[in-house]
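J.: what's the 3D shape of this:
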Amino acid sequence: MKKILQKLFEHRYLTQEEAKTVLEGIAKGRYNNTQIASLSTVFLMRTISIEELCGFRDALLEMRTPVDLSDFQPIDIVGTGGDGKNTFNISTAACFVVAGAGFPVVKHGNYSASSISGASNVIEQHGVKFTSDNAQLQRSMEECNIAYLHAPLFNPAMKAVAPIRKDLAIRTFFNMLGPLINPAIPTYQLLGVYDLSLLRLYSYAYQQNGTKFAIVHSLDGYDEIALTASFKVATTHHEKIYTPEELGFARYTEAQLSGGETLQEAMHIFDHVLEGTSTPAQRDVVVVNAAFAIQVIHPEKSLEECIALANESIDSGKALQQFQKFVALNQ
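T.: Residues are numbered from 1 along each chain as shown. Next up, the predicted model:
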């Protein structure tokens with residue numbers, strides 16, 4: 001690790017193979033916490049390269065606990081995290097809205113490293129027990145249209161660095177890796193990034209492994225469609241900037257999307273969205289992210305159709321029903 005750190009401190013980049021070897025070393029406990037924290041800090045000071053990102057990804061996917069949910073052709077909806085906005089669990093709520101609309105979802109998530117509530121926090125708070133049992137995950141997909149993969153159960157390196165990420169309390173390159181290492185390797189992905197410079201990186205990585213994707217970024221810095229500003233969407237075929245108004249939404253403020261000061265507050269917001277009792281801002285931001293996810297699966301559908309499907313999932317109670325079934329099944 002000393003040689004790797006020296007190379008990075010000299011403003012040089014790792015090769016794909018070097019990056020892969022480093023991640024393997026982290027997973028096998030070869031480095032101490034200070035070395036790992038130093039490595040993480042480098043990627044706060046400069047952008048990760050395509051070779052580094054793909055090398056880290058390759059190592060984690062090779063070492064993962066495999067999950068076979070390919071028959072369902074599912075989608076994952078995820079943000080890189082680390083945008084510093086402390087929103088409520090927008091992408092997680094959108095997952096259940098998409099599942100309620102009839103589309104299979106395999107959500108890959110973790111505890112929060114830099115905000116009040118991560119996906120695993122809010123799901124565990126409802127009494128869900130995480131599992132890596134393939135039969136149980138298959139059953140969850142069949143009965144609830146969704147399965148949840150808690151990252152540390154599937155990636156030893158993620159588990160090894162969890163305390164360091166928590167202590168740093170800021171984004172690290174592991175935030176960038178999370179969306180690329182869903183152990184089920186989903187067919188589709190809606191990814192939110194906190195920085196426009198990451199659009200090209202992820203586009204390249206997804207094209208490498210054949211994932212059908214859309215990458216979204218709110219131009220005021222959110223790693224999701226926040227409806228607080230214009231936002232950019234990039235797919236395999238095109239890139240486009242949208243305004244909230246052209247899609248029929250109001251423009252909201254950062255305070256209206258807050259996840260609150262406690263995990264309990266974040267959990268209640270999440271519940272209210274699925275129950276259809278949230279504020280218009282909370283509902284709309286979940287609906288718009290769910291709509292773009294549906295369009296990744298069915299690009300022939302217009303955004304208006306996809307928005308209508310997401311709204312119907314909430315209004316009909318199907319999103320809430322899927323969540324309730326999911327909780328009951330995974331106690």
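J.: So for stretch 2-13, mean pLDDT?
T.: For stretch 2-13, the mean per-residue pLDDT is 94.
J.: Show residues contacting that stretch.
T.: 14, 18, 22, 35, 38-39, 42, 46, 49, 51-52 (C-beta atoms under 8 Å, 6 or more residues apart in numbering). Heads up, the C-betas are built off the backbone N, CA and C, glycines and all.
J.: List buried members of those by neighbour count.
T.: Those of those that meet the buried threshold are 14, 18, 22, 35, 38-39, 42, 49, 51-52, by 16 or more other C-beta atoms under 10 Å.
J.: Would you format these as TSV with secondary structure included?
T.: Listed next are these as TSV, based on DSSP: H, G, I helix; E, B strand; the rest coil:
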residue	secondary structure
14	coil
18	helix
22	helix
35	helix
38	helix
39	helix
42	helix
49	coil
51	helix
52	helix
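J.: Can you tell me whether I have it right that residue 164 is in a helix?
T.: Yes: under three-state DSSP, residue 164 sits within a helix.
J.: any idea how far the residue nearest to residue 157 when sequence neighbours are not counted lies from residue 152?
T.: Take residue 157 and drop its neighbours on the chain: the residue closest to it by C-beta to C-beta, 6 or more residues apart in numbering is residue 27, 3.8 Å away. Residue 27 sits at a distance of 12 Å from residue 152 (criterion: C-beta to C-beta, to the nearest Å).
J.: Then residue 66?
T.: According to C-beta to C-beta, residue 66 stands 16 Å off from residue 152.
J.: go on, residue 222?
T.: Separation of residue 222 from residue 152 (C-beta to C-beta): 26 Å.
J.: ok, those two, which is more surrounded?
T.: More crowded of residue 222 and residue 152, by other C-beta atoms under 10 Å: residue 222, with 26 against 17.
J.: surely the more buried one meets residue 84?
T.: No: using C-beta atoms under 8 Å, residue 222 makes no contact with residue 84, being 9.7 Å away.
J.: can you list the weak-confidence ranges in the stretch 1-150 of the chain?
T.: For the stretch 1-150 of the chain, the stretches with pLDDT under 70 are 113-114.
J.: could you pull out the helices for it?
T.: Assigned by DSSP state H, counting those that start in this stretch, the stretch 1-150 of the chain shows helices spanning 2-9, 16-27, 33-45, 50-63, 90-100, 119-125, 134-144.
J.: Point out the most buried one among those helices.
T.: Of all those, helix 90-100 has the most neighbours on average by mean count of other C-beta atoms under 10 Å, namely a mean of 29.
J.: mind saving the C-alpha coords of it as PDB?
T.: What follows is helix 90-100, C-alpha atoms only, in PDB (Å, rounded to 0.1, in the frame of the first residue of the first chain):
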ATOM      1  CA  ILE A  90     -36.100   9.100  -2.300                       C
ATOM      2  CA  SER A  91     -34.600   6.300  -4.400                       C
ATOM      3  CA  THR A  92     -35.700   3.600  -1.900                       C
ATOM      4  CA  ALA A  93     -39.300   4.900  -1.900                       C
ATOM      5  CA  ALA A  94     -39.200   5.100  -5.800                       C
ATOM      6  CA  CYS A  95     -38.200   1.400  -5.800                       C
ATOM      7  CA  PHE A  96     -41.400   0.400  -4.100                       C
ATOM      8  CA  VAL A  97     -43.400   2.700  -6.300                       C
ATOM      9  CA  VAL A  98     -41.900   1.000  -9.400                       C
ATOM     10  CA  ALA A  99     -42.500  -2.500  -7.800                       C
ATOM     11  CA  GLY A 100     -46.100  -1.400  -7.200                       C
END
